[in-house]
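Visitor: sharing a model that was predicted from the sequence below.
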Amino acid sequence: MRIILAENFEEMSKKAAAIVRSQIILKPDCVLGLATGDTPTGMYQELIKMYENLEVDFSEVTIFNLDEYCSLNRKNAQSYYYYMHHNFFKYINVKKENTYIPNGTAPDIDEECRNYEGQIKNKGGIDLQVLGIGANGHIGFNEPDINFEAETHLVKLDKMTIEANSRFFSSKDEVPTTAISMGIKTIMQSKMLVLLANGETKANAIYKTVKGKICPEVPASIIQLHPNATMIIEKNAAKLLLGQ
Ligand code: PGA
């Protein structure tokens with residue numbers, strides 16, 4: 001795995017956006033896997049600027065999102081559908097029919113998971129997957145567990161994730177307790193991974209991901225086995241890695 005250190009959030013975001021832009025230049029009809037949360041917001045802003053400056057064209061790009069909460073309507077401002085539209089899609093020229101986000105309110109969640117996995121395969125798999133990381137080491141919503149879940153599946157959210165994500169809701173009780181997430185195999189089959197980490201709360205997870213043993217208790221540790229993975233780590237998130 002390649003480690004790129006960034007001085008701050010802005011540098012991390014610019015470097016990530018530059019990698020995404022390169023991917024689109026190399027393969028205009030590429031398939032991107034994208035993430036939500038606070039960490040990639042700067043990257044989306046940089047990509048929007050690049051689009052406005054005619055440096056990147058999303059007209060042939062397909063986008064799959066990593067995950068979505070169950071039980072939140074797409075109009076709910078905390079749904080990842082809403083997040084992607086309001087932080088990114090509405091500012092660029094990606095075609096709506098080329099954007100995929102799991103439907104967390106589907107009547108049959110297992111069927112929705114199977115369909116999502118099938119849609120990724122039909123598009124030829126993901127060329128570049130962008131990832132954040134949870135303070136508990138999760139990627140997507142693959143929570144610490146006793147085994148790795150392979151494909152897109154229904155997840156019961158970890159206490160730590162509910163706690164961390166409650167900052168977006170008016171109370172902890174409003175945070176959904178389940179979600180749909182791409183699985184570890186889905187993520188690992190992407191041709192390239194770019195994981196972003198920002199802030200000291202991620203330092204422990206980053207240390208275990210890079211230096212720890214590969215185990216499902218730290219889901220991100222599996223990235224050690226990916227043949228083309230890059231981590232862009234802001235300096236506070238890299239503290240333990242740097243022995244500070
Ligand atoms: P964050 O979430 O970017 O909001 O810190 C990352 C994650 O939980 O994967």
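Guide: Thanks, I have it. All values derive from a computational prediction rather than experimental measurement.

Visitor: wait, what's in contact with the residue in the chain that the ligand sits nearest to?
Guide: Nearest residue of the chain to the ligand (CB to the nearest ligand atom) works out as G37 at 2.7 Å. (Each C-beta comes from the backbone N, C-alpha and C, glycine too.) By CB atoms under 8 Å, 6 or more residues apart in numbering, G37 lies in contact with G132.

Visitor: then A238?
Guide: A238 touches I3, L5, A197, A203, I206, counting by CB under 8 Å, 6+ apart.

Visitor: so is the lengthiest helix in the chain next to the ligand?
Guide: Counting by DSSP state H, the longest helix found in the chain is helix 9-26. No: counting by CB under 6 Å from any ligand atom, no contacts exist between helix 9-26 and the ligand, the nearest distance being 10.7 Å.

Visitor: what's that helix packed up against?
Guide: strand 2-6, helix 41-52, strand 128-131, strand 192-197, strand 229-234 (3 or more CB pairs under 8 Å, 6 or more residues apart in numbering; DSSP states H and E).

Visitor: and the angle for the second one with strand 229-234?
Guide: Angle between the axes of helix 41-52 and strand 229-234 is 110 degrees (criterion: axes from the mean of the first three to the mean of the last three CA atoms, to 10 degrees).

Visitor: for this protein, which element, helix or strand, carries the lowest mean pLDDT?
Guide: Among the helices and strands of the chain, helix 159-165 carries the lowest confidence by mean pLDDT, DSSP states H and E, at a mean of 92.

Visitor: surely V194 touches K15?
Guide: No: using CB atoms under 8 Å, V194 is not in contact with K15, being 9.0 Å away.

Visitor: for these two, list the residues in contact with both.
Guide: With CB under 8 Å, 6+ apart as the test, V194 and K15 both reach I232.

Visitor: higher neighbour count, those two?
Guide: V194 (25 against 18; other CB atoms under 10 Å).

Visitor: S22 versus the more buried one, what's the distance?
Guide: 11 Å (CB to CB, to the nearest Å).
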